[in-house]
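Novice: Take this sequence and fold it.
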Amino acid sequence: MSPGASPPARFYHKMVYDSTRGFTTLFGGCSAVDGSFSCTTFRGDTWEYDGATWVQRSPAASPPARWWHAMAFDAARNVAFLHGGWDGSGNCDGSGTSNCGTVWEWNGTNWATRTPSDPENDGSLAEETRHAAAYDPARARTVVYVGSGETWEWNSSTPTWISNGPADIAQDGDPGTRTDPAMAYERDRGVSVLFGGYNGIGLSDTWEFNGNDWTQCVDFGVFCAYTDPEGDGKPASRFGHRLAYESGGDVLLFGGYSTLAVNCDGSGNRFCGTAWLWNGTSWRKCSAGAATCNLTDPEGDGNPSPRKDTALSYDDDRVRTVLFGGELSGSVLNAETWEWISANKSWDRIVTAQSPSARYGAAMAYDTYRNFTVLFGGCTAQSGSTCTAYSGETWEYNGTNWALVTPTDPEGDGNPEPRALHTLAFDQLRRRVILYGGGDGHDFGDLWEWNGTSWAKRDAGDPDGDGTPAPRDHHAMVWDLGRNTAYVYGGHTGQYTGDTWEWHTPYDTRPAHVFKTAFAAAAAPGTPAFQQVDAMFVAGGLGYSGITASNGFYIWVWEEGRWRSKVVNGSAPPSTPASLSWSTSDSALINRLFHGNEKYLNLAVTPRNNNSRGANIGEISVDYVEVKVKYRQP
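Specialist: Numbers count the residues shown, from 1 in each chain. A predicted model of the protein is given here:
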C-alpha cells in the first residue's frame, strides 16, 4: 500500500485507533540515534491515517517531542490518551528531568493536558518510560503497567490516577524497591513482618503486611507504633539477614551485612551477629544481662559468629529456630548448625554425623506435617564476591542429624536447577514446601513444590490477568497461615523491585481444558443471524469436596466477562470419559457468547469439584469435542 505522504521514518513511536472518528493516530518517536543508541532526533509530530492517506495535523498545542511514551484510546471521552516518555531536554513536561509525566489527550483537533485530582490519597503515576497502556471499556479506565511492577489506572472522567496495588490505609506507602529484605509471618497477630534490605544503601525500617495493606512501624504510628521501652534502640541497617517466627508472639532477627555500621551489633566489622526480637511494637536486643532478652549460654558453646545469607526457620514441634551456614567476614563459607532456644534465650551448637557442605544463600522451611526442616541449594564456592558453584541438593534435618535426600521424579519434570538466594515456605494446607526464584548467574522465576520425596514444577496460572512475578533473587517470601497464601516481596530482577505478589494455593481452584473457536474462520459473508449452538464433550473429571474425592465434570461457557456452568455429569472419572451435551437456541444468549471481530466462542470443562484441601490435585481428561453453530445468512 502506498498512501502518498507519510510520516518520516522513526521508531519507539506510538499509535492508537480512534474508533469514533475512524482514524489511526500516531505521535512521537525517534528518527536518529548516535553510536550509543541515544536518540538525537526526537519527533513531536501528530499524524492521522484513514486507511488510505496519512495527514499531518498542526494542533495549536502539542506534547514535547519524545520517545518511549504510552498511548491508548479512551472511548468514554473519545480522546487519545498519552503519558510519559523521554525527551532528552532535562525538563520534560516541567518534571525537572528528561522523563515525562503529564497526561495529554488528543481530540482530533488539538492536544490538551489533564491535571489529576487525588481523592484516594494514593498519589499519581510519576514520570515513566517504556511502559504500556490499554483501555478497559467495561470500567471506562486506561490501565497502565510500568517496568517497576506497578499497575495504575487512569479515570479520565474525574480525572484521577488510581494505584492498583495494596491498600494504603495509613497513607505511608509501601516498603519501596529493595533487594535482600527479610520477612517472617507472625502468626499470633496474623501479619507478615519485613525488615531492612538494600536499595543502594542498607535499610533499617520495619513494616507489617496484613494481606491487603503495608504499614510502616514508626514513632507515634497510628497503625504500627514503634516504641523503645528497653532503651536499646533497634537493629542497624542491613541486608542479607534473616527473620523467623519465635514462640510467644516474637519474630527473631539474626545476621546480615551493614553498609553503614562498621561495627554492626558490636561485631567489630560490617557483619552482624546479635539476635533481636520484634514483638509488634519494639525491638529487643538479646545480650547478656539484658532485662527483657537476657542472652544465656548454659551449653557453654558460645553463639553463632556474625554472618550474612544464612538459612533460618522455626521448628514448631521442638520450639526451636534452626540456623544453618552463611557467609562470614573474609568471604568464608560456613557449615555450622545452630538452634535458638526460645525458653532461655540461648544458642545451642548442634554437631551432626553428616551435614550439608559450607554454603551461603541456601533456603530452609519447616515441614510441620513430616516434622523435618528442609534445606535446598545455596552457593558452595566463591571467588571474591562471585559465586562459582551452586548446589541443587535437598537436605532434611530431624533435630538430630542431617540427611541428603535423592528426589524421585514420578512427574517426569526433573528437579529445581542449582541456585542460591531463593526462598522456601511451607504450605500447611497442602503439606508442601514451596520454592520460588533464586539465581545461578541469571534469575529464576520458577515455582516448585516438595512433598518429601519429589519436586514437582508448578506452572503458575493467571486468572487475574495481572501476569506473574519477574524472575528474581534476593527477595523475601512468607506463608500466611491465616489466608493460606504465600507472599513474595521485592528482590532483584536486574533492578531493585518493590512489588508484592501472592501465590494462591490451588485448593480453591480446579484444572480445566479451555476450547476457543473463531466463527470468523467459516468466512461466512455478511452478518449472520445465530440460531443455535450445540456442544458435546467426551470427558471425565476428579475433584474433591474437602478431602473427599468425587468424579464428574462441568461444561462451562464464557459469558459477559465470566465463566458460567451449564450442565454437569455427576459420575464420569478421568479414566472412563462419558458424553455430555449442552445446547441453546436463545438468540440473545448466543449473541452474548460470541466475542470480538473474530466472533470467538469459549467453552471449558472442569472437574465437578475443586482441588483437595489436602495434598491432592484434581484431574480432567477430554477425549472428544464437537461444537456446532446454526446460523442464517442475511
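Novice: what about stretch 35-55, average pLDDT?
Specialist: Stretch 35-55 shows a mean pLDDT of 91.
Novice: actually stretch 109-119, not the one I typed
Specialist: Here stretch 109-119 scores 87 as its mean pLDDT.
Novice: Show the contacting residues for Ser258.
Specialist: Contact analysis of Ser258 by C-beta atoms under 8 Å, 6 or more residues apart in numbering lists 202, 236-238, 264, 270, 272. In short, each C-beta sits where N, CA and C put it, glycine included.
Novice: Please name the bridge partners of Ala389.
Specialist: Counting by DSSP bridges, Ala389 is bridged to Ala381.
Novice: For the stretch 401-550 of the chain, give me the ranges with low pLDDT.
Specialist: Where the stretch 401-550 of the chain drops to pLDDT under 70, the residues are 461-466, 505-508, 546.
Novice: Show me the helices in it, by range?
Specialist: Assigned by DSSP state H, counting those that start in this stretch, the stretch 401-550 of the chain shows no helices.
Novice: ditto for the chain
Specialist: Applying DSSP state H to the chain gives helices spanning 587-593.
Novice: can you give me the strands for the stretch 501-634 of the chain?
Specialist: 513-518, 529-545, 548-551, 553-559, 562-569, 578-584, 600-607, 619-632 (DSSP state E, counting those that start in this stretch).
Novice: With distance to Leu375 and mean neighbour count as extra columns, can I get those strands in TSV?
Specialist: Below are these laid out as TSV (distance: least, C-beta to C-beta, whole Å; neighbours: other C-beta atoms under 10 Å):
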stretch	distance to Leu375	mean neighbour count
strand 513-518	38	14
strand 529-545	31	20
strand 548-551	33	16
strand 553-559	41	22
strand 562-569	41	14
strand 578-584	46	15
strand 600-607	35	21
strand 619-632	32	15
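Novice: Let's have these in a markdown table, adding distance to Ser6.
Specialist: Listed next are the strands of the stretch 501-634 of the chain as a markdown table, based on distance: least, C-beta to C-beta, whole Å:
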| stretch | distance to Ser6 |
| --- | --- |
| strand 513-518 | 32 |
| strand 529-545 | 41 |
| strand 548-551 | 62 |
| strand 553-559 | 40 |
| strand 562-569 | 43 |
| strand 578-584 | 48 |
| strand 600-607 | 33 |
| strand 619-632 | 40 |
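Novice: out of the ones you listed, which comes closest to Phe220?
Specialist: strand 562-569 (45.7 Å; C-beta to C-beta).
Novice: And for the closest one, what's in contact with it?
Specialist: Counting by C-beta under 8 Å, 6+ apart, 539, 541, 552-558, 578, 580-582, 604, 608 sit against strand 562-569.
Novice: Using PDB, write out the CA atom coordinates for that strand.
Specialist: In PDB, the C-alpha atoms belonging to strand 562-569 read as follows (Å, rounded to 0.1, in the frame of the first residue of the first chain):
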ATOM      1  CA  ARG A 562     -17.200 -14.600  33.400                       C
ATOM      2  CA  TRP A 563     -17.300 -18.400  33.200                       C
ATOM      3  CA  ARG A 564     -20.800 -19.800  33.800                       C
ATOM      4  CA  SER A 565     -21.500 -23.500  34.400                       C
ATOM      5  CA  LYS A 566     -24.200 -25.000  32.100                       C
ATOM      6  CA  VAL A 567     -24.500 -28.800  32.600                       C
ATOM      7  CA  VAL A 568     -22.900 -31.400  34.800                       C
ATOM      8  CA  ASN A 569     -22.000 -35.100  34.600                       C
END
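Novice: strands paired with that strand, and their directions?
Specialist: When DSSP bridges is applied, strand 562-569 pairs with strand 553-559 (antiparallel).
Novice: what angle separates the strand it pairs with from strand 619-632?
Specialist: Here the directions of strand 553-559 and strand 619-632 differ by 50 degrees (axes from the mean of the first three to the mean of the last three C-alpha atoms, to 10 degrees).
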